[in-house]
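J.: Build me a structure from this.
(chains A and B)
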Amino acid sequence: MLQTAQRQSKTKKPKTALPHERFLEAFRWMLLARTLEEKLVSLYRGGLITGGVYIGKGQEAVSVACGLFLKKGDIFAPLIRDQAGRSAFGEPLLDVTRTYLGSRLGPMRGRDGNIHRGRPQESQLAMVSHLGAMISVTVGALMSKRFKGEKGFVGLACIGEGGMQAGAFHEGMNIAAVEQVPLVIVATNNHYAYSTPNDREFACHDLVDRAIGYGFEGYSLDGTDLGACLEVIGGAVKRARAGRPPQLVVASVLRLSGHGEHDDASYVTEEIKREPFACDCLKVAEQTIADLKLVDGETLAEWRKEAATKVDEAIATAQQEAPPEGDKEDWCAISMRNLVDSPE
Amino acid sequence: MSITYLEAIREAQAKLLRDDKRVFIYGQDVGGTFGGAFKATKGLAKEFPGRVLNTPISEDAMVGTAIGAAIEGMRPIVEMQFADFSSIALNQILNNAGTHYWRTNMPVPITVRLPSGGTKGSGPFHSQSMESIYAHYPGLIVMTPATVEDAYTMLIEAVAIDDPVVYCEHKYLYYHLKADKLPTEGLPTGKARITREGRDLTIVSYSAMVHEALAVAEQLAPEGSEIEVVDLRSVKPLDTDTVLASVARTGRLLCVGESFPWGGVTAEVIARVTAEGFHLLDAAPQRINAKDTPIPYHPNLWSAHRPSAKEIARKARALLRE
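T.: Down below sits the predicted model:
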């Protein structure tokens, strides 16, 4: 059974044979995400962010590839560690800083925070914390497009190996295959569900083996290799768009942070930190740029400066904006005001 | 011609599919030639190809899919095979659909149909009434039609509403209730109906229990007691004004619901009347619910578990004596 699954699932060897322009574009989104998230961490440590900060350090290469191949009209369901993908998909930096800093001008207006933001009006779904739930929502959005006669669209939903163990994930994967929607699921195995290591999360040989069980095509990926991420995820998006069955990509990385910034991740073993998948994808990409002499050091420094400036501006703007206020809220959870129940 | 409560639900869906291309029906066994466990979609898959779709046994994904479709402009109707199984979809209904407008400013116009309530022999997992759970959470409209006419017009309205609607249809009423014809208009959602006028006692009820309340009102009339029966129609929004106006006339309140007793719709009605209309009451308000146990299988136990006309009559007489 396992052998059958392995035969159907294709393991790609990492390589960086993509056009350099795309590699560099992706790298710049990764750099922006890393710069932004480092700044958010500082603000959190300084007590300037209420609630949690959840970053995607070490997962930027996978994430950016998720956002980069989607076009206007495609559906994107990012998850907790997808800042790079969100930015590449088109999320303005201000959406991030306004949400984290509690500006009432942000998309969530102080009603929800941090990584739960989204703009469903613009096909960027707003995740709920209950993992696996957004897979079927993405399926429904794609079905709607099919009902309306749209063509050439695709949906991409992100998940982690932790979320893959939730019942909703199973239901979502199965219904996606039943409905034969053009969907790509990118599952990033960062080796910890909060503090729980893989051996207490699942017992199968390789998560990608599940693809065949659902009627998906499955691909494995070294998530530390940006070139491989672009090739494999880009390929999956292309195949889904072309009408192939739903695609599952399982990427391997190590989460290079705590679950959130409140978590010191002391449970991450020294042994696992020495694994090849524990490399920092941003450093690996930078090394590739240097090795291949894609741009010079001066340009890299300029890009860093530019990212920092953009982040600083977005933070400064959000910090100057008014927070929401309890007595100015309308406290109405439904859109049809004539149907509001007034229990007071 | 006579039309049952169940046929009214089918006819409403046929009309919705006919009139609105955004509508599709999604649920277990609803499609093909089968037409649903209760036949509420019988013939619709053939009449509306590709728009009445069978799903896997995946309540979470059924509702999740509907939410996604609604975000992208459709008006899906999800049929739960039994209300009881909607517990599997609680996360999508409560945490996703129910929070979506508040969080993102974008409402999710889904309708989730719940075949609710007890019938003989159905047991703990095919008999539940879940309106109180859904009404407790923000962001949802909860309808509980008690008549054939309401079953029809309220389902049509449910799909027109931009917010998520949980539509609790009572299985006992499916075949027991008949009307001569279907209406073209109904009362608006959120408006309760005075089903029977009276001056001595108000019985507030909804769904199948309205008919038990009416039976008691008939039964007590020869004794000289005039009971007013209020059918809430929707438990959220809850028409507190109509209830208070009735209590102002009668001075006595009895609430009857088929769901479990802890908290719930009857408790909510009494809380509101007590808070806002304490001065209107001539006696302490009372309520009757099912017993605080799982719903039993055997008909003898089942009929003793749910509120009965006999029990309602006993409590009504006691209240009238106070």
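J.: and residue A:4, what pLDDT?
T.: Residue A:4 is assigned 34 on the pLDDT scale.
J.: Hmm, I typed the wrong one, I wanted residue A:19.
T.: Reported pLDDT for residue A:19: 74.
J.: ok, so what distance separates it from chain B?
T.: Going from residue A:19 to chain B by CB to the nearest CB, to the nearest Å gives 32 Å. No exception for glycine: its C-beta is placed from N, CA and C like everyone else's.
J.: which residues sit in contact with that residue?
T.: Applying CB atoms under 8 Å, 6 or more residues apart in numbering or on different chains, we find residue A:19 in contact with no residue.
J.: Residue B:220 too?
T.: B:227, B:313, B:316-317, B:320 are the contacts of residue B:220 under CB under 8 Å, 6+ apart.
J.: doesn't it fall inside a strand?
T.: No - if the criterion is DSSP: H, G, I helix; E, B strand; the rest coil, then residue B:220 is helix and not within a strand.
J.: tell me which element residue A:188 is part of?
T.: For residue A:188, the host element (DSSP states H and E) is strand A:183-189.
J.: got the CA positions of that strand in PDB?
T.: What follows is strand A:183-189, C-alpha atoms only, in PDB (Å, rounded to 0.1, in the frame of the first residue of the first chain):
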ATOM      1  CA  LEU A 183      -7.000  23.300  -5.600                       C
ATOM      2  CA  VAL A 184      -3.400  23.200  -4.300                       C
ATOM      3  CA  ILE A 185      -2.800  22.400  -0.600                       C
ATOM      4  CA  VAL A 186       0.600  23.300   0.600                       C
ATOM      5  CA  ALA A 187       1.400  21.600   3.900                       C
ATOM      6  CA  THR A 188       4.500  22.800   5.700                       C
ATOM      7  CA  ASN A 189       5.900  20.200   8.100                       C
END
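J.: Mind listing the strands that strand pairs with, and their directions?
T.: strand A:155-160 (parallel), strand A:247-252 (parallel) (DSSP bridges).
J.: If you count neighbours, what's buried in stretch A:283-303?
T.: A:284-286, A:288-289, A:294, A:300, A:303 (16 or more other CB atoms under 10 Å in any protein chain shown).
J.: Within reach of chain B, which of those residues are there?
T.: Counting by CB under 8 Å from any CB of the partner chain, nothing from the buried residues of stretch A:283-303 sits close to chain B.
J.: Columns pLDDT on top of those, output as CSV?
T.: Shown next, in CSV, are these (pLDDT from 0 to 100):
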residue, pLDDT
A:284, 98
A:285, 98
A:286, 97
A:288, 96
A:289, 96
A:294, 94
A:300, 97
A:303, 98
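J.: Give me the subset of those residues that lies in strands.
T.: Secondary-structure check on the buried residues of stretch A:283-303 using DSSP state E: no residue lies within strands.
J.: I'd like to know which of these is nearest to residue A:183.
T.: Checking the buried residues of stretch A:283-303 against residue A:183 by CB to CB gives residue A:285 as the nearest, at 27.2 Å.
J.: that older thread, find the pair from the buried residues of stretch A:283-303 with maximum spatial separation.
T.: Maximum distance among the buried residues of stretch A:283-303 (CB to CB): 16.6 Å, for A:284 and A:303.
J.: what's near enough to touch residue 275?
T.: Using chain A. Residue A:275 neighbours (CB under 8 Å, 6+ apart): residue A:254.
J.: if we can go back for a sec, among the contacts of residue B:220, which ones are buried?
T.: B:227, B:313, B:316, B:320.
J.: close enough to count as contact, the first one and residue B:215?
T.: So that's residue B:227. No - counting by CB atoms under 8 Å, residue B:227 stays clear of residue B:215, with 10.5 Å between them.
J.: hey, where'd the helices end up in chain A?
T.: Assigned by DSSP state H, the helices in chain A fall at A:2-8, A:20-45, A:60-68, A:83-89, A:93-101, A:133-147, A:167-179, A:210-214, A:226-241, A:270-273, A:281-291, A:297-320.
J.: ok, now the stretch 51-200 of chain B?
T.: B:59-71, B:90, B:98-104, B:131-136, B:148-160, B:173-176 (DSSP state H, counting those that start in this stretch).
J.: Once you drop chain neighbours, what's closest to the residue nearest the centre of chain A?
T.: A centroid search over chain A (CA atoms, centre = their mean) returns residue A:82, at 2.7 Å, as the residue closest to the centre. Spatial nearest neighbour of residue A:82, excluding adjacent residues (CB to CB, 6 or more residues apart in numbering or on different chains): residue A:63 at 4.5 Å.
J.: Next, count neighbours for the one you found.
T.: 34 (other CB atoms under 10 Å in any protein chain shown).
J.: For it, give its distance to residue B:116.
T.: 43 Å (CB to CB, to the nearest Å).
J.: re the thing from before, looking at the helices of the stretch 51-200 of chain B, which is buried most?
T.: Greatest average neighbour count among the helices of the stretch 51-200 of chain B goes to helix B:59-71 (a mean of 30), per mean count of other CB atoms under 10 Å in any protein chain shown.
J.: That one relative to helix A:133-147, how many degrees between them?
T.: Calculated by axes from the mean of the first three to the mean of the last three CA atoms, to 10 degrees, helix B:59-71 forms an angle of 50 degrees with helix A:133-147.
J.: Now do helix B:59-71: distance to the chain's middle.
T.: 21 Å (CA atoms, centre = their mean, to the nearest Å).
J.: what do you get for stretch B:53-73?
T.: On CA atoms, centre = their mean, the centre of stretch B:53-73 falls 22 Å from the chain's centre.
J.: Now that stretch: average pLDDT?
T.: 98.
J.: any residue of it up close to chain A?
T.: Yes - using CB under 8 Å from any CB, stretch B:53-73 reaches chain A at B:55-56, B:58-73.
J.: between the strand holding residue A:188 and helix A:60-68, how many degrees?
T.: Going by the same axes, to 10 degrees, strand A:183-189 makes 170 degrees with helix A:60-68.
J.: Give me the angle between strand A:183-189 and helix A:167-179.
T.: Using the same axes, to 10 degrees: strand A:183-189 against helix A:167-179 is 150 degrees.
J.: any idea of the angle strand A:183-189 forms with helix A:226-241?
T.: 150 degrees.
J.: And for strand A:183-189, what's in contact with it?
T.: In contact with strand A:183-189 (CB under 8 Å, 6+ apart) are residues A:59, A:62-63, A:65-66, A:81, A:135, A:138-139, A:142, A:154-161, A:163-164, A:173, A:176, A:198, A:207, A:216, A:223, A:233, A:236-237, A:240, A:246-253.
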